[in-house]
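[1] Here is a sequence with its predicted model. Questions after.
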Amino acid sequence: MSQKQNDKITELLERVEEAVQQSKYEDAARFLRRIAAYSGLSRDMNKFRIFMAKAGDLYRKAAEDLWKKGRKLKAALLFIEATKCYNTSGSYDKASACEEMIYQYYFSMRRIKICSFEGSAQDLKHIGDFLRSKGDLETAEDCYCWAAEKAAKEGKFALSGGLYRDAGDCSWHLGNTGRTAEEYSKAAEKYIIAKEYFEAAWHYNISGFLFILDGKFKEASEMARKAGAACLEGKIPVILDRMSRLCGYLSKGYIYDAEREWSNLRRKMKANYVQLIERCFMKVRAALKDRGILQNINSRH
C-alpha cells in the first residue's frame, strides 16, 4: 500500500472515530467501507473483511437506533446495508439476524394499506432488489408490484414501468407465464405514458408471445397491435415492428406468414427469445391441429 493510501486511511479512521463519538453511525459505516475498499485494492483481504464487518456493525447499530425511534423504513434500508457488509466479510450469522428484521418490516407493512407506507417507490425497489438477491422471487415480485403502484402515484411512469418489468422477470423465473405476460403488459403501458416507446414496444411484444404460450390468443393479438402502434409513434427500428407482426400472425394462426417473418428475424434474436418464440410456434400448431380457438389457416393470401 502506498504512503498516500496509508495517509488516506489514517484520515478516514479519524473521521470514523469522530462520527462514532457523535453517534453518526451511518456516516462512520460509510467511512469504514471506503477503508475496506483501499484494503481490497492493496489485496489485503484480511483487513478488507475486518473493516467490512465493522462497517456492518455500525450500519446495524444505526438501524437499531432508528427502529427504536419508530423510523422503521430507514432502519430496514440500513439493515440491508449491514447485511451486504456482513455477507462480504463472511459474518453470515450477523447477516441472518439483519435479514430477519428486513422481513419483519416488509410483512408488517404489507398488512396495512399502501397509502400508509411512508417511503418512496425507490425505497421499495431497494427492498425488492434485496429480496431478489436472496432468491426470494415470490416476495420480490410482490414488492416490485407494490413499488410500481407507488411510482405511478408519484407520477414516475418510467420507473413504474421498470418495476413492473422487474416483477415480470421474477414471475418468468418462477415459471408463471400468464402472470409474466400481465406484468410486462403493465410495464409497457407505463412506458407509453413516459414516452419510452422502444421499451413499450419491446415489452408489448414479449407480453404477446407469453400470452400465446398461455393460450390467450386474443390478448396476444392486442399486445401485437399495441406494439406496432408504439413502433409507429416512436419511429422504432424495424426489428421491433417485425416482432409485432410476427406476434400478430401467430396470435391469429397465420403460420405461413409467421414462418416467413420469423426467417428474417430468427438470426437477430438472443437465444432465450428464440426459444420463447419457437415454443409459441409449437403452441399455435397444436391449437390448429386440435381445431381449438384458432382456424387452420396456412396463409391469409
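    The structure has been received and is ready for your questions. Please read all numbers here as calculations on a predicted model, not as lab measurements.
[2] Please count neighbours and contacts with C-alpha atoms only from this point.
    Noted.
[3] and the gap between the residue nearest to residue 90 when sequence neighbours are not counted and residue 168?
    Counting by Cα to Cα, 6 or more residues apart in numbering, residue 49 is the residue found nearest to residue 90 once chain neighbours are left out, at 7.4 Å. For residue 49, the distance to residue 168 equals 36 Å [Cα to Cα, to the nearest Å].
[4] Could you check which of those two is surrounded by more residues?
    Taking neighbours as other Cα atoms under 10 Å, residue 49 and residue 168 compare with residue 168 leading, 28 against 22.
[5] helix or strand for that one, which one?
    Taking DSSP states H and E as the criterion, the element that holds residue 168 is helix 157-174.
[6] for the residue nearest to residue 90, what are its contacts?
    36, 88, 89, 90 (Cα atoms under 8 Å, 6 or more residues apart in numbering).
[7] so what's the first one up against?
    Contact analysis of residue 36 by Cα under 8 Å, 6+ apart lists 47, 48, 49, 50, 51, 52.
[8] Can you check the pLDDT for it?
    Note on residue 36: pLDDT of 94.
[9] pLDDT below threshold where in the stretch 151-300 of the chain?
    291-300 (pLDDT under 70).
[10] Restricted to helices, list the contacts of residue 36.
    The helices, defined by DSSP state H, take in 47, 48, 49, 50, 51, 52 from these.
[11] Pick the one among those closest to residue 15.
    Nearest to residue 15 among the ones in helices among the contacts of residue 36: residue 51, at 14.2 Å, using Cα to Cα.
[12] re earlier: residues in contact with the helix holding residue 168?
    So helix 157-174 is in contact with 125, 132, 137-138, 140-145, 147-152, 177, 179-184, 186-191, 193-194, 196, going by Cα under 8 Å, 6+ apart.
[13] Please check those residues and keep the buried ones.
    Neighbour-count burial within those applies to 125, 132, 137, 140-145, 147-152, 177, 179-184, 186-191, 194, 196; the criterion is 16 or more other Cα atoms under 10 Å.
[14] quick revisit: for PyMOL, write a command that selects the buried ones of the ones in helices among the contacts of residue 36.
    Buried residues among these (16+ other Cα under 10 Å), as a PyMOL selection:
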select buried, resi 47+48+49+50+51+52
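[15] need the contact list for residue 92.
    Per Cα under 8 Å, 6+ apart, neighbours of residue 92: residue 86.
[16] so what pLDDT did it get?
    pLDDT at residue 92 comes out at 97.
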